[in-house]
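Asker: Build me a structure from this.
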Amino acid sequence: MQVKYSTMLDARKVKQLREWSSQTKVPQAKLLEEAIDLLGASLAHDVVTPAYRRVVDQVIKEDLPALKRLAK
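Answerer: Sure, this is the predicted structure:
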């Protein structure tokens, strides 16, 4: 079952979507569906979100000198 859905996108992204659609002859809606499927598959394999990973990486970076001292 398909449901009508609307959203706001950055003008640059809309332009790129239109170009891809024109180049591939694939409707914009189908390209968006495929992008959502790819994102879903990616997230299913990586339980840690990119935003959370950035937070953890930043904390480790800030604590690295102390961790190195403790390791000695």
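Asker: For the rest of this, base every contact and every neighbour count on C-alpha atoms.
Answerer: Noted.
Asker: Please read off the pLDDT at A11 from the model.
Answerer: At A11, the model reports a pLDDT of 96.
Asker: And for it, the neighbour number?
Answerer: Using other C-alpha atoms under 10 Å, A11 is surrounded by 9 other residues.
Asker: Same check on the one 10 residues further on?
Answerer: Counted with other C-alpha under 10 Å, the neighbours of S21 add up to 16.
Asker: how near is it to K68?
Answerer: Distance, S21 to K68, using C-alpha to C-alpha, to the nearest Å: 51 Å.
Asker: roughly how far out does stretch 6-13 sit from the chain middle?
Answerer: 15 Å (C-alpha atoms, centre = their mean, to the nearest Å).
Asker: Kindly check the end-to-end length of that stretch for me.
Answerer: Using C-alpha to C-alpha, one end of stretch 6-13 lies 15 Å from the other.
Asker: Could you find the closest non-adjacent residue to L43?
Answerer: Distances taken as C-alpha to C-alpha, 6 or more residues apart in numbering put T49 closest to L43, at 7.4 Å, once the chain neighbours are dropped.
Asker: separation between the one you found and E34?
Answerer: To E34, T49 is 20 Å away according to C-alpha to C-alpha.
Asker: Alright, I will stop here.
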